[in-house]
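[1] Sequence and predicted structure, then a few things I'm wondering about:
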Amino acid sequence: MARVNRILRVILIVGLGAALGGLLIYWLIRVLRQEEETEEAVRVSAQRLAEIPIPLSPEIPEEELRTVVPPAGKAAPSADGVEDDLTRIVGIGPKYAEALRSLGLGTFTNLARQNPHELAIRLREKGVRVIGDRIAAEDWIGQARQLAGEAKG
């Protein structure tokens, strides 16, 4: 009888071990599948976000709408024909500076004459992702006016 009890205990222990092992394997497979699904969802979401156009701010002050913006490539050159270092403006890095130069806005004076929202539209047409609210918030135009005044003085 003692021998039968011992055999039953061994069978019970082995059975419980197999059941726990099976549950562990099931749990691991489920976790791995969830990670794969999450990575795919993140990848798809990022792709969709990149495709969303950036809307313009609906509230553009009237005085900014009346600002005359010269057509692309038609901005007046500086008096000495030299372009300014636009990266001195906080918020403008080398890529933005290059895009601004491609629009004919290579000087502080030319940039200071721009409307932030219309400038953002023109930059987006060149493939640069920026919105007028950012240009206004970082005060590119005001900084350009100040730097243009320093260059003249």
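    Great, that's in hand.

[2] C-alpha only now, for contacts and for neighbours.
    Fine.

[3] any idea which residue sits dead centre in the chain?
    Per CA atoms, centre = their mean, the C-alpha nearest to the average position across the chain is that of Arg129, at 7.8 Å.

[4] domains for this protein, by residue range?
    Following automatic domain parsing, one finds the domains of the chain at 1-52, 62-152.

[5] circling back: the closest residue to the residue nearest to the centre of the chain other than its chain neighbours: what's it in contact with?
    Spatial nearest neighbour of Arg129, excluding adjacent residues (CA to CA, 6 or more residues apart in numbering): Leu123 at 7.4 Å. Residues in contact with Leu123 (CA atoms under 8 Å, 6 or more residues apart in numbering) are Ala99, Leu100, Leu103, Arg129, Val130.

[6] How about the contacts made by the last one?
    Taking CA under 8 Å, 6+ apart, we find Val130 in contact with Ala120, Leu123, Arg124.

[7] redo that, cut-off 10 Å
    By CA atoms under 10 Å, 6 or more residues apart in numbering, Val130 lies in contact with Ile54, Tyr96, His117, Leu119, Ala120, Ile121, Arg122, Leu123, Arg124.

[8] Let me know the distance separating the residue nearest to Arg129 from Glu40.
    Computed as CA to CA, to the nearest Å, the Leu123 to Glu40 distance reads 32 Å.
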